[in-house]
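[1] Sequence first, predicted model second:
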Amino acid sequence: MVIITLQRAKCIGCNYCVEQAAAQFQMSKKDGKAVLLHSTEKRGFYTLKSADMGILETVTKAKEACPVKIIDVKQT
């Protein structure tokens, strides 16, 4: 299981996450911030739990590319 968390309010709209993991992230046309696709929101944290271990490498690259460090990736 891969768990991805995004602190969207702190996003600066650099687009690096989309470049690394376009299947999981996209940029909002409304405010220019990243959107974690198919996630659920709780207290400003957007979380996606996926059984697809194939996304681990790309979302880890997105986490590492994020200049404001608002993406967290865990493997369980």
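    Arrived safely, thanks for sending.
[2] So which other helices or strands are in contact with the helix or strand hosting Glu57?
    When secondary structure is defined using DSSP states H and E, the element that contains Glu57 is helix 56-65. In this structure, helix 56-65 packs against strand 2-7, helix 16-20, strand 71-75, with contacts taken as 3 or more CB pairs under 8 Å, 6 or more residues apart in numbering; DSSP states H and E. For glycine as for every other residue, the C-beta is placed from the backbone atoms N, C-alpha and C.
[3] who's in contact with the last one?
    Put plainly, it is strand 71-75. Counting by CB atoms under 8 Å, 6 or more residues apart in numbering, strand 71-75 makes contact with 1-6, 17, 53, 56, 59-60, 62-63, all of which sit outside it.
[4] For Thr47, which of the helices and strands packed on helix 56-65 is the nearest?
    With CB to CB, the closest approach to Thr47 among these belongs to strand 2-7: 5.0 Å.
[5] got any ranges where this structure has weak pLDDT?
    Scanning the chain with the threshold set as pLDDT under 70 gives no residue ranges.
[6] Met27 and Lys49: what is the separation?
    As judged by CB to CB, to the nearest Å, Met27 and Lys49 stand 22 Å apart.
[7] what does Ala65 give?
    Taking CB to CB, one finds Ala65 at 22 Å from Lys49.
[8] how about Gln26, what does it touch?
    When the contact criterion is CB under 8 Å, 6+ apart, the partners of Gln26 are Val18, Ala34, Val35, Leu37.
[9] Cheers, nothing more for now.
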